[in-house]
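Enquirer: no FASTA, just this:
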């Protein structure tokens, strides 16, 4: 158990809908990262928050947004969903935002868009 | 930009065989290098890491050495077990002077299957 929790574990929805994925980092970790894992794109970085502020952005679509709250949990919002958004979404946390930090991954949320 | 290339998979071995999974990278500055493992139906777990050139990371019999001259971080294990069957990912984290603050760039993953 990494100490990172993600809910829900599975999500099935229809095209055009909006969903919210939730992540609680390990106790004491200030940095939260979101990654998408799909068969064709592999594991890709989406976005990072550090202590409530956006720190880095990767290949995140404009239809996707995220935030980190004062209690440090984070939410990833996906809207106007398309079939191609079906993937595993992982959240990871680390103590700070240094390149040497180990990132601890949650179990993931599997999103299926029908 | 940064990139990580892993050897093509899948890799199938018999128990007690020697394992090598090749990983090479392209990056600016001084990245940290990681190997993560993903067991079926689970999230990624850190296997080992190295944060500067010539460092050797090791864990559970696995080893990898950070080679700056060849931009490589190959994973090795002397004797694999059935329980090592999983997907292995090589990754790097942006180096000093970069602005990515720790985001990971992953290789495509290598599926390892070990038979009794």
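Expert: That came through fine. Please read all numbers here as calculations on a predicted model, not as lab measurements.
Enquirer: what's the lowest-mean-pLDDT helix or strand in chain A packed up against?
Expert: Lowest by mean pLDDT, DSSP states H and E among the helices and strands of chain A is strand A:53-57, with a mean of 91. When contacts are defined as 3 or more C-beta pairs under 8 Å, 6 or more residues apart in numbering or on different chains; DSSP states H and E, strand A:53-57 sits against strand A:42-50. (C-beta placed from N, C-alpha, C; glycine too.)
Enquirer: The nearest residue to residue A:102 once chain neighbours are set aside pairs with what?
Expert: Spatially, and ignoring its direct neighbours in sequence, residue A:102 is nearest to residue B:46 (5.2 Å; C-beta to C-beta, 6 or more residues apart in numbering or on different chains). Beta-bridge pairing of residue B:46 under DSSP bridges involves residue B:36.
Enquirer: Touching, residue B:46 and residue B:38? I think so.
Expert: No: applying C-beta atoms under 8 Å as the test, residue B:46 and residue B:38 come out as separate, 11.1 Å apart.
Enquirer: Bridged to the residue nearest the centre of chain A, which residues?
Expert: With distances taken as C-alpha atoms, centre = their mean, the residue of chain A nearest its centroid is residue A:34 (3.1 Å). Beta-bridge partners recorded for residue A:34 (DSSP bridges): residue A:47, residue A:91.
Enquirer: quick one: it from residue B:116, how far?
Expert: Relative to residue B:116, residue A:34 is positioned 38 Å away (criterion: C-beta to C-beta, to the nearest Å).
Enquirer: Neighbour count: residue B:46 and residue B:38, which is higher?
Expert: residue B:38 (21 against 17; other C-beta atoms under 10 Å in any protein chain shown).
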